[in-house]
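Asker: turn this into a structure:
(4 chains)
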Protein chains: 4
Amino acid sequence: MPMRRYIKIDEKKVKKAHAVNYVEAVLTLDDWPQVKGYDFEKGLDFQHYLDSLFSTGFQATELAKAIDIVRQMRKTKAVIFLGYTSNMVSCGVREVIAYLVKHKLVDVLVTTAGGVEEDIIKALKPFVIGNYDAPGGALRDKGINRTGNTFIPNDRYLYFERLMMPFLERMLALQKQHGRAMASREFVHELGKTVKDEHSILYWATRNDIPLFCPALTDGSIGDMVYFFKQQHPEFLLDITDDIVEITNLAINAKRTGIIALGGSLPKHMIANANLFRDGADYAIYLTTAMEYEGSNAGANIQEAMSWGNRPDAPNAKVVGDASITFPLLVAGGFVDRQQQTPKQKSKARKGTKGKRTDVKYNS
Amino acid sequence: MPMRRYIKIDEKKVKKAHAVNYVEAVLTLDDWPQVKGYDFEKGLDFQHYLDSLFSTGFQATELAKAIDIVRQMRKTKAVIFLGYTSNMVSCGVREVIAYLVKHKLVDVLVTTAGGVEEDIIKALKPFVIGNYDAPGGALRDKGINRTGNTFIPNDRYLYFERLMMPFLERMLALQKQHGRAMASREFVHELGKTVKDEHSILYWATRNDIPLFCPALTDGSIGDMVYFFKQQHPEFLLDITDDIVEITNLAINAKRTGIIALGGSLPKHMIANANLFRDGADYAIYLTTAMEYEGSNAGANIQEAMSWGNRPDAPNAKVVGDASITFPLLVAGGFVDRQQQTPKQKSKARKGTKGKRTDVKYNS
Amino acid sequence: MPMRRYIKIDEKKVKKAHAVNYVEAVLTLDDWPQVKGYDFEKGLDFQHYLDSLFSTGFQATELAKAIDIVRQMRKTKAVIFLGYTSNMVSCGVREVIAYLVKHKLVDVLVTTAGGVEEDIIKALKPFVIGNYDAPGGALRDKGINRTGNTFIPNDRYLYFERLMMPFLERMLALQKQHGRAMASREFVHELGKTVKDEHSILYWATRNDIPLFCPALTDGSIGDMVYFFKQQHPEFLLDITDDIVEITNLAINAKRTGIIALGGSLPKHMIANANLFRDGADYAIYLTTAMEYEGSNAGANIQEAMSWGNRPDAPNAKVVGDASITFPLLVAGGFVDRQQQTPKQKSKARKGTKGKRTDVKYNS
Amino acid sequence: MPMRRYIKIDEKKVKKAHAVNYVEAVLTLDDWPQVKGYDFEKGLDFQHYLDSLFSTGFQATELAKAIDIVRQMRKTKAVIFLGYTSNMVSCGVREVIAYLVKHKLVDVLVTTAGGVEEDIIKALKPFVIGNYDAPGGALRDKGINRTGNTFIPNDRYLYFERLMMPFLERMLALQKQHGRAMASREFVHELGKTVKDEHSILYWATRNDIPLFCPALTDGSIGDMVYFFKQQHPEFLLDITDDIVEITNLAINAKRTGIIALGGSLPKHMIANANLFRDGADYAIYLTTAMEYEGSNAGANIQEAMSWGNRPDAPNAKVVGDASITFPLLVAGGFVDRQQQTPKQKSKARKGTKGKRTDVKYNS
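Answerer: From the prediction side, this is the model:
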């Protein structure tokens, strides 16, 4: 066994190595909040789970910070801009967003074409839980579309077409009547009137007059309909300049603003861009799975956002993880008032560690 | 505006395109479980949150499947192998694991060196919540080590050294007394005896005689101590062959086995490898952030695991996301018995949609 | 050392475990292509590097497949749709795209607002290499915007404004002259006429009459200008319905089509959507960092694309990795003709293993 | 169309918004290196590709920095510690590492069990290129194991067993002869003697007496063999304390050290830990796909490493991406001497932009 030889090592070097490794801490941070997880001896308690997030570390802590920021947004009556990509509507986050819109807990919405049309389609007939691994060719043969592990059989799109073709006729009539092209938020507003489903985002956006922007409205099934519709009606138009004026004015005019972006793409960018006109939002929360290393806007971190004009002193949080899990938790912690809790829950919460949390200076 | 020309398009082609886009669905999946999110009109209800995961889609659904699999593991009295990387102990997942070990809800543990030593260090003095963005040089100057957004001031390592040096003396004495080198699980078992903290994993592993394997035991601070200790005591040894016999026997002898792996690295691999001796585990759950595209074991998906011998018919789930958020939810849904709930929670749960879920065939 | 006990194990069980572990392979795949990396004994040879990708495994193999697909696209004269997010223009991929457009190697372009405006801004003054870690507040104080590790001092945006304000006046004049709102590709076509920089994508798109679609044209700095411009000229419009007709017609009319998408967002989705009208593209290549677990279109895998109508038999590849590294390699391998090589390189290539590659059936 | 109303906006507010958006840049960074991609007008030129990485931005720039750091390591004769996870050996990176070991371009190796055994198995019979999507159950039925998109039919493991069982007998004889348990690097050293394949890492490590550490040696197929072997020979041992002494001494004794870690897990951690004894390595390069948000060592960024004692002034780079693509490029740029180039290539290189690069201060 010729390899068994220790490199000769000087005893002084070993001592030095020891000194290097065991330096005294200048700061011992004795009064900082301790890392500590959920205490399951308490059984199942949602408020305890939410309260335990902050002290759990890693993304749990970031989620707790985001919850705290939502509470600050609401306390200071910030105008809340909520952006979400279409997959958020494909999954059950749709109903959570609809709840926020119904109760006027958010003020401005931005989404992509899929975020509009899937909300409508679900109002006609639901999507179902499938799986990630189904072979694409086999699904296609059965007329089933897949988004992640959700399945959307094609009949949903046929129902949607039946709704849309007469709707486009009406929109063209409106265009002619008013002598001008519509903006996306007007189109979406009208579309919301057709919905009967109380779990729909558009249903509540229209009823509560909450603007929903979707500048790339033609990038999806609505665009497909527009394609066929324009074969007969080439004069039909949709304008994107009007929306940019409105969303910018909304940002400039607000006393305070907060951003909540689920995913990247247009919704995140458009909201952030509008808020640059007011020197950045007062609060910002990003729920994402995208990373900063590739230079995308989707993955941009908070420091990058600051360089573009977001305020360094504005509370902000980036929570990495699938929003199908994290967004309902954000809403549970940030938007659900304690009044909605049972008396027992409330008394527990009062004794909780929540109060201490605000003392922590978030320097991240 | 010379660009404004439509490519001339044949009407027949347009019709064909329409036919292609609006094919009738062969299957409409009318009785499949619908995609539907948490209903916040119900206020804060942890059981409702857990029950809503399945129908929410994406990783929420995968987490719900994982919860269901944990319940199956427990129902069939499977021997549960829990593997976890050291960051799980750095964060508050430590206390959740300790809870499982205390109540004998898991049967075999595998971790890395950090997973052992940080559990001990925390028993001496807690880690604290810091942030991700603190400059590394500034932290070093203050004697503060950072793991993600947790801070570990260096005094913790000094306390640890004080504990370990006499402990190593004792271990060497044991080695001499028994005339053989120790295995990692024996070392860890002895180490657990030194702990007074009831939130410690080792505390309960030792008391409940649950084997904790850590074959790469020297890869961390314990290794540092061993380095200095061997300057005086070169005869001190740690053997890794004995552990492999024991963990393999545990897998072969069990009637049924289940895998829960938090993160990748050695813990995930060692558990999976041991279960190959029995033609694969009966159940497998992976909580991870690693992806399969790079060919790593950490990111390997379920299909890859099958090719190595895991049983294709064995229920399994891969949940992508930071386990600081997902693991406490897995435990809440899978390991906490309804008896621990309040009577009101139980009656709700009975009426819940939980029962239907098991009818769904998980073909993913 | 009380832990040292082997669980008693039956010898038969050990034998069975051995049998389970060492099953004979039914297939030994002796004539399949072997995994083998670059042979550095050959020194630095770009063609050898590109040829070695296929046999290297993991994403290298996927990149090799993508290169092969590009060659098939070109051989069959497929109409190539290239989509790219704005970060591709922020970084040096811009010049690589410009090369393709200059030489008419791609036929249809789709990008986001940033993908248009950063191309113009760079024609006025370049971006510079910075770093990821610069504090956002400090950069803001100096008037420096950061995208990943690139820096864009604000003077670039001032130059851009000086260009755009008179340009918008001209576009409004055109709108009035023709009595109709412009489409994004017309706006971009006109914008390309203002560019003098031969490394610009728009410069060549305009000169070579290659349509560049940017339906969300107002989502960025151009939108900011439009905001201010509309204060005086509220009658200015931009239409998004015309583009959808044109890109769909381009897809329907083509004999064969190929997709190359860099990143996700609108560019990837719009191209894929247009190709659904022809029952899917004939070839598809995705260069991305997004994953499928979150159900986003950005991360959708090939099987998901098939369920939406992309043809299962169409050659396709998904290469995971930052396109700043992978796209130039894709172009080097797929778009650069061997004629452009030196004679020595050509003779080497002829002897290379390239030929064998096409024999492999890509069943992924 | 009731939504068409602009919020009334004060003209002063618009002006202020304009001022906010178009601030003068304090710094215009006119002499910083410009973002600029590969110039394909030059045809295929590997050196130009490597040189263009720095100015391309994003991860291309990080890779260029890593290349530059390798050159610095070599210039200052740093002892280079190369760590790699087993997937690097599954894929064609194996041959690239073997090249470095053959030419003594690296000095210390650390890997996992798979990193040892797959190198040996490939020396017996190669792995083949398969695909990611093959169903796991079908592969298992054919006796084919899958790692990412590489396939390893089971006959390879049978050949490996035939090699290992007599080898273990010999190792036991050596153990008895010397009266002490072996360390992993000794075991691996002996194993290397059995290899005939000049593309093998172990072949060259043994011949060139380059220590290869693999402390978790039993975590894989070698462990399986050890399990069966110990049924007859329970006295066989493998010690992990000796390795920790040796690798620490190697780090302490070196005048300068450099780290190159491919992937995370034990190899990265063990190398970094050893270098803490000398107050951190002088150079560090991480090629990884893991991210910092989950607090894992695999994903830890450079700032985190500094907090644990790595020197803030030490040049370092983290390149995100699959090393099957990036590592051969790192070797091509950093380890291949210009002497190995053709005269034409050399003269080009001299005129290249390489020289300027070193003037850039890497503050990331």
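
Asker: check whether the top helix by length along chain A contacts chain D.
Answerer: Identified as the longest helix of chain A according to DSSP state H is helix A:155-178. Yes - using C-beta under 8 Å from any C-beta of the partner chain, helix A:155-178 reaches chain D at A:Leu174, A:His178. Quick note: C-beta positions are derived from backbone N, CA and C, even for glycine.

Asker: swap in stretch A:319-329?
Answerer: Yes - with C-beta under 8 Å from any C-beta as the criterion, chain D is reached by stretch A:319-329 at A:Val320.

Asker: then that stretch to PDB, C-alphas only?
Answerer: What follows is stretch A:319-329, C-alpha atoms only, in PDB (Å, rounded to 0.1, in the frame of the first residue of the first chain):
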ATOM      1  CA  VAL A 319     -39.700  33.700  -3.300                       C
ATOM      2  CA  VAL A 320     -38.400  30.900  -5.400                       C
ATOM      3  CA  GLY A 321     -40.800  28.000  -5.900                       C
ATOM      4  CA  ASP A 322     -43.900  26.900  -7.800                       C
ATOM      5  CA  ALA A 323     -46.700  29.400  -7.100                       C
ATOM      6  CA  SER A 324     -49.200  26.600  -7.000                       C
ATOM      7  CA  ILE A 325     -47.900  26.000  -3.500                       C
ATOM      8  CA  THR A 326     -46.600  29.400  -2.500                       C
ATOM      9  CA  PHE A 327     -49.300  31.800  -3.700                       C
ATOM     10  CA  PRO A 328     -52.200  30.300  -1.700                       C
ATOM     11  CA  LEU A 329     -49.900  30.500   1.400                       C
END
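
Asker: circling back to that earlier point, what residues does the longest helix of chain A touch?
Answerer: Helix A:155-178 is contacted by residues A:117, A:120-121, A:124-125, A:127, A:143, A:145, A:181-182, A:187, A:190-191, A:194, A:221-222, A:225-226, A:228-229, A:233, A:235-237, B:21-22, B:24-25, B:28, D:1, D:4 when judged by C-beta atoms under 8 Å, 6 or more residues apart in numbering or on different chains.

Asker: same for chain C: which of these are within range?
Answerer: A:Asn145, A:Ala181, A:Val226, A:Phe236, A:Leu237, B:Asn21.

Asker: tell me which two of those sit farthest apart.
Answerer: A:Asn145 and A:Ala181 (30.9 Å; C-beta to C-beta).

Asker: please name the nearest non-neighbouring residue to the residue most central in space within chain A.
Answerer: Most central in chain A under C-alpha atoms, centre = their mean is A:Leu262, positioned 2.0 Å from the mean C-alpha point. Nearest non-adjacent residue to A:Leu262, counting by C-beta to C-beta, 6 or more residues apart in numbering or on different chains: A:Tyr84, 4.2 Å away.

Asker: pLDDT at the one you found, what is it?
Answerer: You'll see A:Tyr84 listed with a pLDDT of 98.

Asker: what's across from it in the sheet?
Answerer: Taking DSSP bridges as the rule, A:Tyr84 bridges to A:Thr111, A:Leu262.

Asker: that one: neighbour count?
Answerer: 26 (other C-beta atoms under 10 Å in any protein chain shown).

Asker: what mean pLDDT would you report for the one helix or strand A:Trp204 maps to?
Answerer: For A:Trp204, the host element (DSSP states H and E) is helix A:201-207. Helix A:201-207 carries an average pLDDT of 98.

Asker: the helix or strand following it near chain C anywhere?
Answerer: Toward the C-terminus, helix A:201-207 is succeeded by strand A:212-213 as the next helix or strand (DSSP H and E). No - Strand A:212-213 does not reach chain C (C-beta under 8 Å from any C-beta); its nearest approach is 10.0 Å.

Asker: ok, back up a step: ok, the residue nearest to the centre of chain A - contacts?
Answerer: A:Leu262 neighbours (C-beta under 8 Å, 6+ apart): A:Leu82, A:Gly83, A:Tyr84, A:Thr85, A:Met88, A:Val93, A:Leu287, A:Thr288, A:Ala323, A:Phe327.

Asker: repeat that for A:Glu190.
Answerer: Counting by C-beta under 8 Å, 6+ apart, A:Glu190 touches A:Phe167, A:Arg170, A:Met171, A:Leu174, A:Thr206, D:Met1.

Asker: what's the neighbour count on the second one?
Answerer: Read it as A:Arg170. When neighbours are counted by other C-beta under 10 Å, A:Arg170 registers 12.

Asker: again with the fifth one
Answerer: By the criterion of other C-beta under 10 Å, A:Thr206 has 21 neighbours.

Asker: these two touch, right, it and A:Thr194?
Answerer: No - in this structure, A:Thr206 is not within contact of A:Thr194 by C-beta atoms under 8 Å, at 9.1 Å.

Asker: quick check: the residue nearest to A:Leu262 touching A:Glu118?
Answerer: No - judged on C-beta under 8 Å, A:Tyr84 makes no contact with A:Glu118 at a distance of 11.1 Å.

Asker: and the gap between A:Glu62 and D:Glu292?
Answerer: Per C-beta to C-beta, to the nearest Å, A:Glu62 is found 12 Å from D:Glu292.

Asker: how about A:Arg180?
Answerer: For A:Arg180, the distance to D:Glu292 - C-beta to C-beta - is 50 Å.

Asker: comparing these two, which residue is more hemmed in?
Answerer: Between A:Arg180 and D:Glu292, counting by other C-beta under 10 Å, D:Glu292 is the more crowded of the two (22 against 18).

Asker: identify the residues contacting A:Cys214.
Answerer: A:Val110, A:Thr111, A:Thr112, A:Ala113, A:Gly115, A:Val116, A:Ser184, A:Arg185, A:Phe187, A:Val188.

Asker: the helix or strand where the fifth one lies and chain D, any residue contact?
Answerer: It stands for A:Gly115. Using DSSP H and E, the element containing A:Gly115 is helix A:113-124. No - judged by C-beta under 8 Å from any C-beta, helix A:113-124 stays clear of chain D, getting no closer than 14.4 Å.

Asker: quickly check: the helix or strand following that helix near chain C or not.
Answerer: Using DSSP H and E, the helix or strand that follows helix A:113-124 in sequence is strand A:128-129. No - if you take C-beta under 8 Å from any C-beta as the test, strand A:128-129 misses chain C, and the best it gets is 11.8 Å.

Asker: helices or strands up against the next helix or strand after strand A:128-129?
Answerer: Remark: after strand A:128-129, the chain's next helix or strand is helix A:136-142, criterion DSSP H and E. Here helix A:136-142 touches strand A:144-147, helix C:302-307, going by 3 or more C-beta pairs under 8 Å, 6 or more residues apart in numbering or on different chains; DSSP states H and E.
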